[in-house]
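*Asks:* I need the structure of the sequence given here:
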Amino acid sequence: METRQEKVGKALELMKKSSKIAALLALAGSTQAMAGDGFFGFSAGLQIYDDGTDLWCVIDVYADFTDDGFAVLNVFNADVSSSNGGGFHHNDLADATGGSWKPSFSFDIAGVYDPMRDSYVTIGYGVGAAAALNQTALDPIFGTGSGGYIPLNAGWFNLTPDNAQYATGGQIHIAHFVMEYSYSYPEGFLFEAEIGYNTDPGTEVMFGQHEIFLFPAPSGIALFGLAGLRSRRRRA
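*Replies:* Now for the predicted structure:
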């Protein structure tokens, strides 16, 4: 029987292989972006998180831009799902009511709450020590914002757009998803959404749309499929 250390090692090796493949496919897909709009599309970072008791599959989603001069205003018309149908895991201040997608609830309290094990959405702001300052708000489609699923077509936005959240290294963090680790790693995962973004507070708002897929190959190695990348510009 495999020891815990052996299982963790195997998970990390699969993650390394999947990351290399994903990076190559992401690069190929990025060339489809419409010139001049600045929005490349969405990308996702994968990791296996060991909290000392359990293993978790953690997926961070980013909006990618040509440079750091762009700020995301909102994410909307989201379609997010996993193939296991079990939803996403929360570990935050709202645990008693099913957890929350609000990043302002995602505090880091030793032995109680761990942002790495908490699913949340965000517009570039931080969590943990920065959670109380996170100005990401959920739109009405989210309802109470609790539970393991993001309602179809829900969205989130920067409540204080004058405090623009600019890209860093060409990326803006927009979501953090946590699933229980499966040894058929990873579960299938879909993220599709539209975003609104601009270059400075009060400037012209542009819109983009993209979808990414994460799914298990027969060998157990994760692959990314990128399709339907579209960017468009219109005035707000």
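
*Asks:* ranges for the helices of this protein?
*Replies:* Along the chain, the segments classed as helices by DSSP state H run 4-30.

*Asks:* tell me where it has strands.
*Replies:* In the chain, the strands defined using DSSP state E lie at 39-50, 55-65, 71-82, 120-121, 136-138, 154-158, 171-180, 189-198, 206-216, 222-233.

*Asks:* out of these, which is the most enclosed?
*Replies:* Burial of the strands of the chain is given as mean neighbour count (mean count of other Cβ atoms under 10 Å); strand 120-121 ranks first at a mean of 27. Every residue, glycine included, has its C-beta placed from N, CA and C.

*Asks:* so in that sheet, which strands flank that one, and in what orientation?
*Replies:* Sheet pairing for strand 120-121, assigned by DSSP bridges, gives strand 171-180 (antiparallel).

*Asks:* average pLDDT for the partner strand?
*Replies:* The average pLDDT within strand 171-180 is 95.

*Asks:* quick one: it to strand 55-65, angle?
*Replies:* Relative orientation of strand 171-180 versus strand 55-65 (axes from the mean of the first three to the mean of the last three Cα atoms, to 10 degrees): 160 degrees.

*Asks:* and strand 171-180 with strand 39-50, angle?
*Replies:* Using the same axes, to 10 degrees: strand 171-180 against strand 39-50 is 40 degrees.

*Asks:* what residue ranges in the chain score low on pLDDT?
*Replies:* Scanning the chain for pLDDT under 70 picks out the ranges 1-36, 182-187, 215-236.

*Asks:* can we see that at 50?
*Replies:* 2-5, 7-8, 10-12, 14-36, 184-185, 217-236 (pLDDT under 50).

*Asks:* picking up where we left off before, need the strands of the chain in a markdown table with distance to residue 94, can you?
*Replies:* A markdown table is the format used below for the strands of the chain (distance: least, Cβ to Cβ, whole Å):
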| stretch | distance to residue 94 |
| --- | --- |
| strand 39-50 | 20 |
| strand 55-65 | 19 |
| strand 71-82 | 19 |
| strand 120-121 | 11 |
| strand 136-138 | 12 |
| strand 154-158 | 16 |
| strand 171-180 | 15 |
| strand 189-198 | 22 |
| strand 206-216 | 26 |
| strand 222-233 | 30 |
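
*Asks:* out of those strands, which gets nearest to residue 88?
*Replies:* With Cβ to Cβ as the measure, strand 171-180 is the member of the strands of the chain nearest residue 88 (5.2 Å).
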